[in-house]
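Visitor: what follows is a predicted structure for the sequence shown.
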Amino acid sequence: MLTRLVRLSCGRVGKCLKSDSRRCFASDTDVGSTAADEDIGDEPWKDPWKYAIKRKGSAINICIIGIVISRLTFAEKTLTSFEEANVDWKYVERLMPHKVIPDIPEHSQYPTPSGWRPPNPSPDLPYYVGRRRTHTLPLFLERRRDQLDPKTMEFEYVEIVALRNVHGDIFACERDLREYLENELKHPVATNVDELKGIIRVKGADRTLLEKFLFDCGF
């Protein structure tokens, strides 16, 4: 009697498991259809991962697609609009630096009212002084501290003219420059030569005299 009851209960449990498994593994639209039952099989509990993983993967894909769509719609709502302004930039382009050094400007007569003239150096000189990219002479003013004044106990400052871009025999250029300045000023001047950088510094002479020397040499 007891064995019969156990057999009956096992049979009922098996039928319930079959019906529940078919309901669980069937899709929402194919509940009760024979095609879904054939795909799942009669005994899905033997390999439940075969169906569970497939259904889980489809759910993950649906979630990912939903998240992407929601983000796209949120981005479309939050993006700001823009308006393109038609502005003529020709006046701004004139202020931008040139990529190529411009050519030497042409004038009807030389020297110009500002005293500028184009370079025309002599080929016999053993040195050469190159101009800047603006076609001006490479002369710069430097203000340095000099001797201490014993009365005021303050340092005196002097202006030094630096001639840059000297190529070739820089010592010959310094000698000719010093002789020219001393003949003009009638007193000795102090000079310093930086051979590596191509710089000649002069103390005790005005910048205009160095300009005159360079123009007379054709630089």
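Guide: Yep, that arrived.

Visitor: show me where pLDDT drops low in the protein?
Guide: Within the chain, the segments meeting pLDDT under 70 span 1-42, 48-79.

Visitor: identify the residues contacting the residue nearest to Tyr128 when sequence neighbours are not counted.
Guide: Spatially, and ignoring its direct neighbours in sequence, Tyr128 is nearest to His167 (4.7 Å; C-beta to C-beta, 6 or more residues apart in numbering). Heads up, the C-betas are built off the backbone N, CA and C, glycines and all. Neighbour list for His167: 127-130, 198 [criterion: C-beta atoms under 8 Å, 6 or more residues apart in numbering].

Visitor: His167 and Leu209, how far apart?
Guide: Going from His167 to Leu209 by C-beta to C-beta, to the nearest Å gives 22 Å.

Visitor: all helices of the protein, in order?
Guide: For the chain, applying DSSP state H gives helices covering 2-25, 34-40, 48-78, 90-93, 170-185, 207-217.

Visitor: okay, the angle between the last one and helix 170-185?
Guide: The directions of helix 207-217 and helix 170-185 differ by 120 degrees, with axes from the mean of the first three to the mean of the last three C-alpha atoms, to 10 degrees as the criterion.

Visitor: C-alpha coordinates for helix 207-217, PDB please?
Guide: C-alpha atoms of helix 207-217 as PDB (Å, rounded to 0.1, in the frame of the first residue of the first chain):
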ATOM      1  CA  ARG A 207      73.100 103.300 -31.400                       C
ATOM      2  CA  THR A 208      72.800 105.700 -34.400                       C
ATOM      3  CA  LEU A 209      76.500 105.600 -34.900                       C
ATOM      4  CA  LEU A 210      76.400 101.800 -35.200                       C
ATOM      5  CA  GLU A 211      73.500 102.100 -37.700                       C
ATOM      6  CA  LYS A 212      75.600 104.500 -39.800                       C
ATOM      7  CA  PHE A 213      78.600 102.100 -39.700                       C
ATOM      8  CA  LEU A 214      76.400  99.200 -40.900                       C
ATOM      9  CA  PHE A 215      74.700 101.200 -43.600                       C
ATOM     10  CA  ASP A 216      78.100 102.500 -44.900                       C
ATOM     11  CA  CYS A 217      79.400  98.900 -45.000                       C
END
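
Visitor: buried stuff in that helix?
Guide: 207, 209-211, 213-215, 217 (16 or more other C-beta atoms under 10 Å).
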